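J.: Quick one: sequence plus predicted model below, questions after.
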Amino acid sequence: MPKSQKVNGAQRKPLVVIAGLGDVGVLVATRLSRSCEVVAISTRPALVSGQELGNRLTDPSSWRRTYLVPYLRFRRLDRVRQLQGRIISADLDGDSVEIELSNGTRIIEQYDIFIIATGASNGFWRHDRIEDIETTEAGLASVSEELKAAKTIAVVGGGTTGVSVADNLARRGGAEVHLFHSGEQPLPGYHPKARSWITRVLSTDGVVLHPGHRAITPDGFTGDRLTHEPIEWATEQEPFKADVTLWAVGGMRPHSNFLPAEVLDDSGFVNVDEYLRLPGHENVFAVGDVAASDPHRSSARNWGFRVVVANVRAALKGRTKLKRYKAPEFRWGSILGLQPEGLTVVQPDGRRFRIPRWIAEPLLMRVFVTRYLYGGLRRGSRG
Ligand SMILES: Cc1cc2nc3c(=O)[nH]c(=O)nc-3n(C[C@H](O)[C@H](O)[C@H](O)COP(=O)(O)OP(=O)(O)OC[C@H]3O[C@@H](n4cnc5c(N)ncnc54)[C@H](O)[C@@H]3O)c2cc1C
C-alpha cells in the first residue's frame, strides 16, 4: 500500500479513485479530500439520494432541499476532481479504471486506492445511466404528477420503499392506496416488533393491505416505470387493476458490471471482508448498496463510510490494525421520513424513538445532515 510518494523531489499525495458519488461516495470523498488526491466518477452532476423515497414522491420540493444537491454546492468537494461519466472496466491488478465520460470520450485513471460505491438499481429510484440534472428533475416531476392524478394506486412490494411510498401517498389523500406484499407482514429484515408496528400504522393511515400477494413481473421488467395494466399474481389471487401501479419489488441490481466476475458474489454484489476490503486486493474497498458486507447489505446506513475512511487512512500510514465493520442483525432507520408529528426511527431491537418536527428540521436536516455529514453546503442555484 503506497504512502505519500516523492515524485520529482516533491511529495505526492496518494491517489484515490472513488466510483460513484451517491449517499456513501460523497461521504467518503469529502473526508479523504484533504489528505489524498481524490478523483470521483459519477453518472450525474448531483447527489440524488436514495433516502426518504416516500417524501420524494409526495413532497418533492422539501425532499430536494436535502436529497437532490448539485455537487457544486458541497464545499468539501472543491478539492475533489470530479468526472461525470461511467466506469466501464477496472483492472484490479494494474490499478486502473477505464471511464466513459459524458461527452463520449474514454480515459484511463490510475489509482493507489480504489473505492467502489456505485450502489444498485432499484426500480425507477436509482440507475447508472449518465444523466444531467434537468433530466433527473423532469423524471421526478412526471412520476409525482402521474400519481397525483390517479384515484387508485397499487404499490407492489413490502420493503422500506414500498411501505414508505404507500404510507406517504395515503396520508396525502386523494387516492385509494393498496399495498401488496408477499409475506404476512411488511418490512422483512426488520425486528418483529417493528413489523407489527408498521402494519398498524399503515392501516391507521388508510393503506389497504394485501399480504400473501406475489406479483408476476413481465419478462425483463425491472419495475423502472409506472404501469397501468392489471397486476397478475403468482399466488393465484384475482388480477388487480389500479389507475397506476408503482413497483418496489426489491430486485436490486448491483452496478458492478465493470468489475471482474471473480470479485462478485452469485448475485453480482462485491465480496468484501470485515474491513470492507476486497479479498486479494488490499488497496480496493467496496461500501454501500453494492457491497456484500452483511446479509442486508446495509453498510450505507451502518456507517460503512467511517470504516472505509479509517481503513484507507490506516493503510496509507502503513498500519496493519484496521477498523472492523459490524452490522446489527435487524435493519433500522427512518421508514416514513419526516412527518407533521416528527421523524420516527426504528431501532435494530424493534424499539422506536420520535424526534418532534420542530427539532428534527433544524437539528437533523440542517445540523446533522447538512453540516456534519455533508460538511457544509453553499446556498444557491441548483446547477
Ligand atoms: C448516513 C446514512 C443514513 C441512512 N439512513 C437511512 C434510513 O434511515 N432509511 C433508509 O431507508 N435508508 C437509509 N440510508 C440508506 C440509503 O437508502 C441507501 O442505502 C443509500 O442510498 C445507498 O447509497 P450508495 O452510495 O451505496 O448508492 P447510491 O446512492 O445509489 O449511489 C451510487 C452512485 O454511483 C453511480 N454509479 C453507478 N454505476 C456507476 C459507474 N459504473 N460509474 C460511475 N458511477 C456509477 C450512480 O449513478 C449513483 O450516483 C442511509 C444512508 C446513509 C449514508
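T.: On my side now, so go ahead. It should be emphasised that the depicted structure is a prediction, and the values quoted were computed from it without experimental measurement.

J.: which residues does S298 contact?
T.: Contacts for S298 (CB atoms under 8 Å, 6 or more residues apart in numbering) come out as A327, R331. All C-beta spots, glycine's among them, are computed from the backbone N, C-alpha and C.

J.: Just the element for it, please.
T.: Using DSSP states H and E, S298 maps to neither a helix nor a strand.

J.: Give me the distance between it and the ligand.
T.: Distance from S298 to the ligand, counting by CB to the nearest ligand atom, to the nearest Å: 7 Å.

J.: and that residue, how far is that from F330?
T.: According to CB to CB, to the nearest Å, S298 and F330 sit 10 Å apart.

J.: In the chain, what residue lies closest to the ligand?
T.: For the chain, the residue closest to the ligand is G22, as judged by CB to the nearest ligand atom, at 1.7 Å.

J.: ok, that residue - how many residues close by?
T.: Using other CB atoms under 10 Å, G22 is surrounded by 24 other residues.

J.: Could you check the pLDDT of the residue nearest to it when sequence neighbours are not counted?
T.: Excluding the flanking residues, the one nearest G22 by CB to CB, 6 or more residues apart in numbering is G119, at 4.9 Å. G119 is assigned 95 on the pLDDT scale.

J.: and what of the one 10 residues further on?
T.: The per-residue pLDDT reported for R129 equals 86.

J.: cool, and N283?
T.: At N283, the model reports a pLDDT of 96.

J.: Paired strands for whichever strand or helix holds it, with orientation please.
T.: Using DSSP H and E, N283 sits in strand 281-286. Strand 281-286 sits in its sheet next to strand 113-116 (parallel), strand 277-278 (antiparallel), going by DSSP bridges.

J.: What pairs with the helix or strand just after that strand, parallel or antiparallel?
T.: Next helix or strand after strand 281-286 toward the C-terminus (DSSP H and E): strand 291-292. When sheet partners are counted by DSSP bridges, strand 291-292 sits next to strand 270-271 (parallel).

J.: Show residues contacting the strand it pairs with.
T.: With contacts defined as CB under 8 Å, 6+ apart, strand 270-271 is touched by 116, 254, 256, 259, 263-265, 278-279, 286, 290-292.

J.: quick one, what contacts A141?
T.: Taking CB under 8 Å, 6+ apart as the test, what A141 contacts is P60.

J.: and it, helix, strand or coil?
T.: Secondary structure assignment for A141 (DSSP: H, G, I helix; E, B strand; the rest coil): helix.

J.: what ranges do the helices span in this structure?
T.: Secondary structure of the chain, counting by DSSP state H: helices at 23-32, 53-58, 60-67, 133-149, 160-172, 192-204, 304-316, 357-359.

J.: do the third one and the ligand meet?
T.: Meaning helix 60-67. No. Using CB under 6 Å from any ligand atom, helix 60-67 stays clear of the ligand, with a minimum separation of 9.3 Å.

J.: list the helices and strands that helix packs on?
T.: With contacts taken as 3 or more CB pairs under 8 Å, 6 or more residues apart in numbering; DSSP states H and E, helix 60-67 sits against helix 53-58, helix 133-149.

J.: Confirm for me that P192 is in contact with G350.
T.: Yes. When contacts are counted by CB atoms under 8 Å, P192 is listed as touching G350 (6.6 Å).

J.: Mind checking which of those two has more residues around it?
T.: A side-by-side neighbour count of P192 and G350, using other CB under 10 Å, places G350 first with 16 against 11.

J.: Please point out which parts of the longest strand seen in the chain sit buried.
T.: Criterion DSSP state E: the longest strand present in the chain is strand 81-91. Within strand 81-91, the residues that count as buried by 16 or more other CB atoms under 10 Å are Q82, L83, Q84, G85, R86, I87, A90.
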